[in-house]
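[1] Here is my input; please provide its structure:
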Amino acid sequence: MRIVYNSPSVLRGFLIIVGSLHSVSSFYLPGLAPVSFCEQGQAEKEQDVPDCRSEIELFVNRLDSVESVLPYEYTAFDFCSIESEKRPSENLGQVLFGERIEPSPYKFQFKKKEECKHVCTKTYDTNKQEDKAKLDFLKKGMLLNYQHHWIVDNMPVTWCYDVEDGQKFCNPGFPIGCYVNEGGRPKDACVVNSDFNDRDTFYIFNHVDITIYYHVVENEAAGARLVAAKMEPKSFKHTKVDSPDCTGPPMDLNNKFSGELKIPYTYSVQFLEDPNIRWASRWDYILESMPHTNIQWFSIMNSLVIVLFLSGMVAMIMLRTLHKDIARYNQMDSVEDAQEEFGWKLVHGDVFRPPRKGMLLSVFLGSGTQIFIMTFVTLFFACLGFLSPANRGALMTCAVVLWVLLGTPAGYVAARFYKSFGGEKWKTNVLLTAFLCPGIVFADFFNMNLILWREGSSAAMPFGTLVAILALWFCISVPLTFIGAYFGFKKSGIEHPVRTNQIPRQIPEQSFYTRPLPGIVMGGILPFGCIFIQLFFILNSIWSHQMYYMFGFLFLVFIILVITCSEATILLCYFHLCAEDYHWQWRSFLTSGFTAVYFLVYAVHYFFSKLQITGLASTILYFGYTLIMALIFFLFTGTIGFFACFWFVTKIYSVVKVD
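    Numbers count the residues shown, from 1 in each chain. Here you go, the predicted model:
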């Protein structure tokens, strides 16, 4: 049985199989099914197959750059466009990521070869302010190496070129153009052509050679399916603008040029049959060419093995030491023996004493639980293939929808622990759970959105989408949080295995290693060690616009992160209890939550060492969005540490005899 995952919208449901396609053994999950294409005459004759199309549409997406965080819509650069056709609908994730897909004037007939076909001509007069502004913006795009992103049959049009070691890299985008500086040094894509050699000159890629590969379907519907679309950008200064021949020198634009300039845009297209690529695996050639697929497999496995080994050692030490402690305590017969003992048993009357700032801790636990469940479910569906790169925006849409629907467990956990901490201000607790952490994220996001609005970026969220996000928050998430809090406060507080003394026990002088700050700082090292390789790939996918698809590894790293956070926190908690320090609640949360600080430090290092981002707006946007990710990661890891430590403390004090 062959299952193909290819869904454009996660909102249509995850687990509904909408039908089979002419075969009992081949069916598809919800979304876009394969489209059959026929030649124009054949499509008119094939009455039995109404889905057999002859026209191939090319869609354009927003343009982005590794040197700027600001993406822009296709029309912002004054390229050839078509306004009469309706834009395809976009899901929430696409809007949040700044994707703006729209139709283009590039349209092909299946298996019809075209040579140097004229699309449009753009004319600029530098003496006119409006034309000069458009030309300057186009130059800025070439200077910052902005990339086109074209789509054919929900598949990126790729530019494949050779890299080191004879490997071929297929980039799901291609540059607007390139620049040769005043010293005659070519920048970015200008190295591909030796004719790009004039100093202080821009070269615009105004021609593309497109090759579309198809696979003829046997024993199924008539027609063929598209399995790849590749292109090669070129530059031609067409001598005859109205009837171009795609010969001659490149289309150059000197920085000191003034007067009238005409830029004609053309394309050539050809069709090749490739029987070796199946429709179900047509993305493979892109994913296999990604840089991180060739160099990091052994590093990832090595990291996982080390973390598993350390986790096993921690678990073994804890089990053996605790087993001896509990056996010794339970064998004590006299009061004198009990008085001579020291360590974690002596603080049994204080270990469940409510922590300071219990209101804030309970709110953090509620929000952390919401994020933890959201992350787990999202990664689980990603592993099944629902949220693959083919499903544009599905990952973000899934995460946002799940977060909205998980308000109930957030309210329940916050209310239950706040009641166990002895809190009575239940109204304040539920309001803070519903608004504190989401409000901080929204305030940061809104400020970033103001910058994007000011810069005219396509990533700026439209006002209607902003209202929709607020409606999801206030009309769905907040009521669900109130419902969860209602059931949490209705239940009795969590019963502890030992009673709490009325008078707090004095905590003895602590050594350097058992003081709060050193323990918290050390606690985040091991969890961060198991994620930093995957973190590099994730940051690459966000800021360097590379596809991320190794969700199987990511889910495995997620599980190991949970285990490592739990065991590191439990180990340090045990040491602190043995030192007769019973303030474990906040310390357990901050110990594993400190991993987010290491994440923040790594993000700063990544910005200065790996990225080429320039400009104040892009820098502010990078660190603004990074702070949002760090806060979410802090709540996520801190909640894991607290629950692990809570389970551990409850367990050890429930199996000892307390006189």
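[2] Show me which positions of the helix or strand containing Leu535 end up buried.
    Secondary structure from DSSP states H and E places Leu535 in helix 532-543. Neighbour counts using 16 or more other Cβ atoms under 10 Å place Ile533, Gln534, Leu535, Phe536, Phe537, Ile538, Leu539, Asn540, Ser541, Ile542, Trp543 of helix 532-543 among the buried residues. All C-beta spots, glycine's among them, are computed from the backbone N, C-alpha and C.
[3] Tabulate these (JSON lines), appending distance to Tyr602 and pLDDT.
    Shown next, in JSON lines, are the buried residues of helix 532-543 (distance: Cβ to Cβ, whole Å; pLDDT from 0 to 100):
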{"residue": "Ile533", "distance to Tyr602": "11", "pLDDT": "79"}
{"residue": "Gln534", "distance to Tyr602": "12", "pLDDT": "82"}
{"residue": "Leu535", "distance to Tyr602": "6", "pLDDT": "88"}
{"residue": "Phe536", "distance to Tyr602": "8", "pLDDT": "85"}
{"residue": "Phe537", "distance to Tyr602": "13", "pLDDT": "83"}
{"residue": "Ile538", "distance to Tyr602": "11", "pLDDT": "87"}
{"residue": "Leu539", "distance to Tyr602": "8", "pLDDT": "89"}
{"residue": "Asn540", "distance to Tyr602": "13", "pLDDT": "86"}
{"residue": "Ser541", "distance to Tyr602": "15", "pLDDT": "85"}
{"residue": "Ile542", "distance to Tyr602": "13", "pLDDT": "87"}
{"residue": "Trp543", "distance to Tyr602": "13", "pLDDT": "88"}
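[4] Which of those sits closest to Val35?
    Set against Val35, the nearest of the buried residues of helix 532-543 by Cβ to Cβ is Ser541 (27.6 Å).
[5] residues contacting Thr614?
    Neighbouring residues of Thr614 by Cβ atoms under 8 Å, 6 or more residues apart in numbering: Glu67, Ser68, Leu144.
[6] From Ser654, how far out is the second one?
    With distances defined as Cβ to Cβ, to the nearest Å, the gap from Ser68 to Ser654 amounts to 57 Å.
[7] Looking at the two, which is more packed in?
    Higher neighbour count among Ser68 and Ser654: Ser68, with 22 against 11, using other Cβ atoms under 10 Å.
[8] need the contact list for that one.
    Per Cβ under 8 Å, 6+ apart, neighbours of Ser68: Leu144, Tyr146, Ile613, Thr614, Gly615, Ser618.
[9] any idea of the pLDDT on it?
    pLDDT, Ser68: 90.
[10] Okay, and the beta partners of it?
    Ser65 (DSSP bridges).
[11] separation between it and Cys578?
    Ser68 is 53 Å from Cys578, by Cβ to Cβ.
[12] Could you do Val404 as well?
    Using Cβ to Cβ, one gets 43 Å for the distance from Val404 to Cys578.
[13] and if you look at Ile277?
    62 Å.
[14] cool, Ile560 as well?
    Taking Cβ to Cβ as the measure, Ile560 falls 27 Å from Cys578.
[15] Counting residues, which helix of this structure comes out longest?
    In the chain, assigned by DSSP state H, the helix with the most residues is helix 616-654.
[16] Relative to the whole chain's centre, how far out is that helix?
    17 Å (Cα atoms, centre = their mean, to the nearest Å).
[17] same deal with stretch 394-412?
    What separates the centre of stretch 394-412 from the centre of its chain is 16 Å, taken as Cα atoms, centre = their mean.
[18] Restricting to C-alpha, output stretch 483-502 in CSV.
    The C-alpha coordinates for stretch 483-502 follow below in CSV (Å, rounded to 0.1, in the frame of the first residue of the first chain):
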residue,chain,number,x,y,z
ILE,A,483,-13.2,26.0,31.6
GLY,A,484,-9.9,24.2,32.5
ALA,A,485,-9.4,26.4,35.5
TYR,A,486,-13.0,25.8,36.7
PHE,A,487,-12.4,22.0,36.8
GLY,A,488,-8.9,22.5,38.4
PHE,A,489,-10.3,24.6,41.2
LYS,A,490,-13.2,22.3,41.7
LYS,A,491,-11.0,19.4,42.5
SER,A,492,-9.3,19.1,45.8
GLY,A,493,-5.7,20.0,46.2
ILE,A,494,-2.9,17.5,45.4
GLU,A,495,-2.4,15.3,48.4
HIS,A,496,1.2,15.0,49.6
PRO,A,497,2.6,11.9,51.2
VAL,A,498,4.0,13.8,54.3
ARG,A,499,2.6,16.6,56.4
THR,A,500,4.2,20.1,56.4
ASN,A,501,5.5,21.5,59.6
GLN,A,502,4.1,24.8,60.9
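[19] what residues does it touch?
    With Cβ under 8 Å, 6+ apart, stretch 483-502 has contacts from 348-353, 407-417, 419-420, 426, 429-430, 433, 650, 653-654, 658.
[20] do that again at 6 Å, thanks
    348-349, 352-353, 408, 411-412, 415-416, 419-420, 426, 430, 653-654, 658 (Cβ atoms under 6 Å, 6 or more residues apart in numbering).
[21] residue boundaries of the helices in the stretch 51-200 of the chain?
    92-96, 129-143 (DSSP state H, counting those that start in this stretch).
[22] Give me the angle between the helix or strand encompassing Cys383 and helix 616-654.
    Using DSSP H and E, Cys383 sits within helix 358-384. Orientation check (axes from the mean of the first three to the mean of the last three Cα atoms, to 10 degrees): helix 358-384 against helix 616-654 gives 110 degrees.
[23] Which residues lie in contact with Asn181 in this structure?
    Applying Cβ under 6 Å, 6+ apart, no residues qualify as near Asn181.
[24] give me that answer again for 8 Å
    Lys187, Arg199, Asp200.
[25] likewise Ser457?
    Counted by Cβ under 8 Å, 6+ apart, Ser457 has contacts Leu70, Pro71, Tyr72, Gly98.
[26] Same question for Gly393.
    Ser9, Glu90, Asn91, Leu92, Gly93, Gln94, Val95, Leu96, Phe97, Glu99.
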